[in-house]
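> task: produce atomic coordinates for the following.
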Amino acid sequence: MLEKLKSKLAEKAREVSDETVGIVKVDELIRENRFDICKTCDQFHQKSQLCKTCGCYIPAKTWLKSTSCPLKKW
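Residues are numbered from 1 along each chain as shown. Prediction:
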């Protein structure tokens, strides 16, 4: 029970910290959808998980509300 509470508190602290510096994340369903689209794209480098078009690290980029696909796929 205590571990679960610690985990929730840590998660909330990360959220507050992200919002303080202007990082707004999308919900997990949107992130999963974006990542699935990227994984099927010919510009996605599987091993490095980088986009060959913009050079971004896709596992991180797909979380950020302020980002978009340079090929307009999402």
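
> surely V26 is in contact with K65?
Yes. With contacts counted by CB atoms under 8 Å, V26 reaches K65, the gap being 5.2 Å. Glycine gets a C-beta too; all of them are placed from N, C-alpha and C.

> what about the two, which has more around it?
When neighbours are counted by other CB atoms under 10 Å, V26 and K65 differ, and V26 comes out ahead with 16 against 12.

> which pLDDT value goes with the more buried one?
V26 carries a pLDDT value of 96.

> quick one: low-confidence ranges for this structure?
Along the chain, the parts satisfying pLDDT under 70 run over 2, 5-6, 8-22.

> other residues contacting stretch 51-65?
The contact list for stretch 51-65, computed with CB atoms under 8 Å, 6 or more residues apart in numbering, reads 23-26, 31, 34-35, 38, 41, 43-45, 49-50, 67, 70-71.

> run through the helices of this protein in chain order.
Secondary structure of the chain (DSSP state H): helices at 2-20, 28-39, 58-61.

> torsion angles phi and psi at the residue nearest the centre of the chain?
The structure's the chain has its C-alpha centroid closest to W63; by CA atoms, centre = their mean the separation is 2.0 Å. The phi and psi values for W63, taken as degrees, to the nearest 10, are phi -80, psi -30.

> report the separation between it and C56.
Applying CB to CB, to the nearest Å, one obtains 11 Å for the distance of W63 from C56.

> now F44
From F44 across to C56, the span is 11 Å (CB to CB).
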